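Q: The sequence isn't on hand, but the structure is:
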């Protein structure tokens, strides 16, 4: 990959000098040019690897390029948007699919969407399925983040704790990068997944990018006692039914999670344990997922809500929001004072600390582990180890035992009988070194 990037860099600089209005760049400007070029190429090439028609988004908001703890070091607006981007377009290596906009009245907008052209993809097509492995790396931006209510980055002053969390993340991410996680899907199944992701607002209409092999933490307060969950891994952005098809180093995984985590912690705070299913409020079990959403909304909300959030399909239960709330409160009398007081983010902080403990243990063993908040995926041979680590971490943090459950396999293959898929995962892994050489790594 480095060889391809170098060729493109040299060609663009030659193109730039061919214009009488452009001068030769200084050494420091060349460094910035290379950073900007990598910034754009990484995005369009990762999108192409995910799906041939996928686009990448390029921010044109100048504030995002101001040097801060959240910015990529050395990335400037002038070099990226006014310099490299026009050259890539002029050389016909990329094309603009949709132009971005910003509405000052509403404060809303969309970023410009670009895509690699055939001139660029022709250099990558033969090795497209290996591109994510060549693009993976340590995060280029801050891994300990604070977001406000609008999900905007907030600056903060480092403490001994934030420094320790950042170092712990470095250990966890280094472990993740020593392994390789992927989806054991056929070409057809992979295509359907990407089409589903790119048509889904919850996924921001973006494809699944498996080069995103590392994670970061997001807190909801500069006091660092709310939120703190881990994000950024590609496996967190797929429909849950696909998680049973996640592989680590070419091997099947198992997924364990803390059953009824929030209710368990809440009951533990009053010295009690849950009797039965926390989400059984006396209506059909068909609506368990709806009840779970109602419960979590009541925990997250800072005041009593008179109407259900639009995202919760309560109409299917045949009950009003008020009725569901009353049933949850009746079912959970011992902890009723914990609802509608904004406890959700504090509980997220507690489960994020739990997740850190579990992942650090696996990093110490140099064993890959993927987290989705309160659940974890590992090589199937580590199932018992994961169970023990999760149990010990929970009891150490809360002083009582947790319920841990195995997630069932829920993905149904669409492979046709007798048809061998041309993108067999194990074959790709076996030929990794061959393709790595072709990319000049």
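A: Thanks, I have it. Treat the numbers as computed from the prediction; the structure is a model and nothing was measured. Numbers count the residues shown, from 1 in each chain.

Q: How far off centre is stretch 93-107?
A: Mean-position distance between stretch 93-107 and its chain equals 24 Å (C-alpha atoms, centre = their mean, to the nearest Å).

Q: Over to stretch 98-111?
A: With C-alpha atoms, centre = their mean, you get 24 Å for stretch 98-111.

Q: Likewise for stretch 293-305?
A: Worked out by C-alpha atoms, centre = their mean, stretch 293-305 lies 25 Å from the chain centre.

Q: Report the contact partners of residue 252.
A: By C-beta atoms under 8 Å, 6 or more residues apart in numbering, the residues touching residue 252 are 184, 379-380. In short, each C-beta sits where N, CA and C put it, glycine included.

Q: which residues does it bridge with?
A: Residue 252 has these beta-bridge partners by DSSP bridges: residue 247.

Q: any idea how far it is from residue 175?
A: 19 Å (C-beta to C-beta, to the nearest Å).

Q: I'd like to know which of the contacts of residue 252 are buried.
A: Among the contacts of residue 252, those scoring as buried are 184, 379 (criterion: 16 or more other C-beta atoms under 10 Å).

Q: Tell me which of the contacts of residue 252 fall in strands.
A: Judged by DSSP state E, the contacts of residue 252 include residue 379 as members of strands.

Q: Save the contacts of residue 252 as CSV, and put in distance to residue 230 and pLDDT too.
A: Converted to CSV, the contacts of residue 252 look like this (distance: C-beta to C-beta, whole Å; pLDDT from 0 to 100):
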residue, distance to residue 230, pLDDT
184, 23, 93
379, 19, 96
380, 22, 95
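
Q: hey, where'd the helices end up in the stretch 301-441 of the chain?
A: Assigned by DSSP state H, counting those that start in this stretch, the helices in the stretch 301-441 of the chain fall at 321-331, 344-364, 383-398, 425-430, 432-438.

Q: Comparing those, which comes out most buried?
A: helix 344-364 (a mean of 19; mean count of other C-beta atoms under 10 Å).

Q: What's the mean pLDDT across that helix?
A: Taken as a whole, helix 344-364 has a mean pLDDT of 97.

Q: hang on, isn't residue 162 packed against residue 144?
A: Yes: assessed by C-beta atoms under 8 Å, residue 162 is found in contact with residue 144 at 5.2 Å.

Q: between these two, which one's more packed in?
A: For residue 162 versus residue 144, the count of surrounding residues by other C-beta atoms under 10 Å is larger for residue 144: 21 against 17.

Q: In contact with the more buried one, which residues?
A: By C-beta under 8 Å, 6+ apart, the neighbours of residue 144 are 162, 165-166, 169, 216-217, 219.

Q: nearest to residue 411, of those residues?
A: residue 216 (27.5 Å; C-beta to C-beta).

Q: On the strand side of things, show who that closest one bridges to.
A: residue 231.

Q: Cross-check the contact I'm expecting between it and residue 230.
A: Yes: distance between residue 216 and residue 230: 7.1 Å, which falls inside the contact criterion (C-beta under 8 Å).

Q: that older thread, and the contacts of residue 144 as a markdown table, adding secondary structure and distance to residue 274?
A: Below are the contacts of residue 144 laid out as a markdown table (DSSP: H, G, I helix; E, B strand; the rest coil; distance: C-beta to C-beta, whole Å):
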| residue | secondary structure | distance to residue 274 |
| --- | --- | --- |
| 162 | helix | 34 |
| 165 | helix | 30 |
| 166 | helix | 35 |
| 169 | helix | 32 |
| 216 | strand | 32 |
| 217 | strand | 28 |
| 219 | strand | 28 |
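
Q: Separate out the buried members of the residues you listed.
A: Buried, going by 16+ other C-beta under 10 Å: 162, 165, 169, 216-217, 219, out of those.

Q: circling back: TSV please, covering the helices of the stretch 301-441 of the chain and showing distance to residue 136.
A: Shown next, in TSV, are the helices of the stretch 301-441 of the chain (distance: least, C-beta to C-beta, whole Å):
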stretch	distance to residue 136
helix 321-331	43
helix 344-364	16
helix 383-398	23
helix 425-430	15
helix 432-438	12
